[in-house]
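Novice: When you get a sec, could you give me coordinates for this:
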Amino acid sequence: MKHKLYHRFFLTYLLIGLLGLFITALGGSFLVEKHLKELVATTLKKGAQQIASEEFLREDLPEAPPESIFVYLSSVAAALDADIWVIDENNRVILNSLDPNCHLHPRLLEDFDPEDWKDSAYCSGDFYGNFKNPHISVLAPINDGLDGYVAIHYLTTNLYQRRSSIQEIMLMIVTLVYGLSFLMLLIFRKYVSKPMRQIAHGCTEYANGNLAYTIPVNSDDELGYLSKILNYMAERLNQSGKYQREFISNVSHDFRLSLIHISEPT
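Specialist: Sure thing, here's the model as predicted:
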């Protein structure tokens, strides 16, 4: 007898496991990356708005010592693991957290257009061709853009590393849960599949006329109850058969005696 039910259950178990790993690897990667981008963008945006609200940028930028500003921007950039630019009203980068001498040679952003940022909380790319590797960039206006903007850039590679770390943890958890769920398969085999095979074998024995066979399932669940009923039914049928055979045997014996008695001469 083929164990079709167990095989189907086992194949379903494997399919669910493979789908779980596939969804975690692809769907999880997408969702984690999306969440991290939004989280990083929100953090950078708050940092850019905080810097843009500083007094030395809103009022005293032309007179403020660039060295002190650079120290401040560098400390904030280190905390955010990002690069901070201050762009003036003429679209020139006049301060850069990575370049203490940026104010001596301001760089013009030819394609920079603040209008591109009105409907976007952040952008992901090379920031108008200024980076070789993709960055997540946010922009905050200084005095509503009249005195320029604060731009913060976060290297996307760092985000991918964080995503990979989180995804590895997710895959480990899914694999662990999937491995532990294998216990369910063992429980199913022991308490469901095996008793059902024994009951099916007992039914086959009964169909072949072996009513003396006893199904060896003694559990206290539904399958144990079913096996007890089948055993009881087979026992009653077997006893009924014995009674019928004994009755027929007795009748035959009495009939033979009657025939012998009739055939004897008087």
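
Novice: pLDDT below threshold where in this structure?
Specialist: Counting by pLDDT under 70, the chain has low-confidence residues at 1-6, 58-66, 241-266.

Novice: Strands along the chain, start to end?
Specialist: Ranges of strands in the chain, per DSSP state E, are 83-87, 92-96, 107-108, 123-125, 135-141, 149-155.

Novice: Count the neighbours of residue 99 for me.
Specialist: If you count neighbours by other C-beta atoms under 10 Å, residue 99 ends up with 15. Quick note: C-beta positions are derived from backbone N, CA and C, even for glycine.

Novice: so what's it bridging to?
Specialist: residue 96 (DSSP bridges).

Novice: contacting residues around the closest residue to residue 73 other than its chain neighbours?
Specialist: When the adjacent residues along the chain are set aside, residue 73 lies closest to residue 97, with 4.2 Å between them (C-beta to C-beta, 6 or more residues apart in numbering). Going by C-beta atoms under 8 Å, 6 or more residues apart in numbering, residue 97 touches 70, 73, 74, 76, 77, 83, 84, 85.

Novice: are any of those buried, and which?
Specialist: For these, a burial check counting by 16 or more other C-beta atoms under 10 Å picks out 70, 73, 76, 77, 83, 84, 85.

Novice: Next, format those residues as TSV and append distance to residue 132.
Specialist: Shown next, in TSV, are the buried ones among the contacts of residue 97 (distance: C-beta to C-beta, whole Å):
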residue	distance to residue 132
70	24
73	22
76	24
77	19
83	13
84	19
85	16
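
Novice: possible to save the contacts of residue 97 as a markdown table with distance to residue 135?
Specialist: Shown next, in a markdown table, are the contacts of residue 97 (distance: C-beta to C-beta, whole Å):
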| residue | distance to residue 135 |
| --- | --- |
| 70 | 20 |
| 73 | 17 |
| 74 | 18 |
| 76 | 17 |
| 77 | 13 |
| 83 | 8 |
| 84 | 12 |
| 85 | 11 |
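
Novice: so which of the residues you listed comes closest to residue 8?
Specialist: The shortest approach to residue 8 among those belongs to residue 83, at 57.1 Å (C-beta to C-beta).

Novice: Name the nearest residue to that closest one, sequence neighbours excluded.
Specialist: Closest residue to residue 83 apart from its sequence neighbours, by C-beta to C-beta, 6+ apart: residue 153 at 4.6 Å.

Novice: Just give me the neighbour total for the nearest residue to residue 237 once chain neighbours are set aside.
Specialist: Excluding its sequence neighbours, the residue lying closest to residue 237 (C-beta to C-beta, 6+ apart) is residue 211, at 5.4 Å. By the measure other C-beta under 10 Å, the count of residues near residue 211 is 17.

Novice: okay but residue 211 is in contact with residue 232, surely?
Specialist: No - under the criterion of C-beta atoms under 8 Å, residue 211 makes no contact with residue 232, lying 11.5 Å away.
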